[in-house]
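# give me the fold of what follows.
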Amino acid sequence: MGKLILIIEYLEQNKKWIVIQNIEVDFLGQRLCFINDNLFTFQPSDGNLMYVYEMNSVSSEFMKTNILMQIKLLVSKHENYINLIRRIDNDKFQIDKDLYGQISHDGWYLITWDNISKEIQIRRCILYMKFQK
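Have a look, this model is predicted:
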């Protein structure tokens, strides 16, 4: 069987789930993160890659996209780890191996221990994304 992400939709009238899109990927993965109904990320099991998929407004299908993210820190869970990913330029990200952290129960605060500076830092989430066309 190929490596696929299945986009599945529930049809209320039939009370059934149906596959509406198959997305072929190059790597096995176990982590999808839904940002909203039109945007999700996929992380392969091996390596430190992350792919972003956005729904195309014309075809109503998800496609791998280039997103200009106006963020400097992305928090992503992978297996038993929470990865703190820093943007190092417009299209490159790097996992920060010197930070350890915890997210508050409501998801709005990130508390980290920086192993280099030996400091505890508390960050509040402010959401802002700009899509590149």
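# pretty sure Trp108 is touching Ile126, no?
No - Trp108 is beyond contact range of Ile126, at 9.4 Å (criterion: Cβ atoms under 8 Å). Quick note: C-beta positions are derived from backbone N, CA and C, even for glycine.
# any idea what Gly101 is bridged to?
Thr112 (DSSP bridges).
# try Lys16
According to DSSP bridges, beta-bridge pairing links Lys16 with Leu11.
# since we're on it, how many residues are nearby?
Look at Lys16: counted by other Cβ atoms under 10 Å, it has 9 neighbours.
# who touches stretch 111-119?
84, 98-104, 120-123 (Cβ atoms under 8 Å, 6 or more residues apart in numbering).
# next one: it to chain centre, how far?
When distances are taken as Cα atoms, centre = their mean, to the nearest Å, stretch 111-119 is centred 24 Å away from the chain's centroid.
# what mean pLDDT does that stretch have?
When pLDDT is averaged over stretch 111-119, the result is 82.
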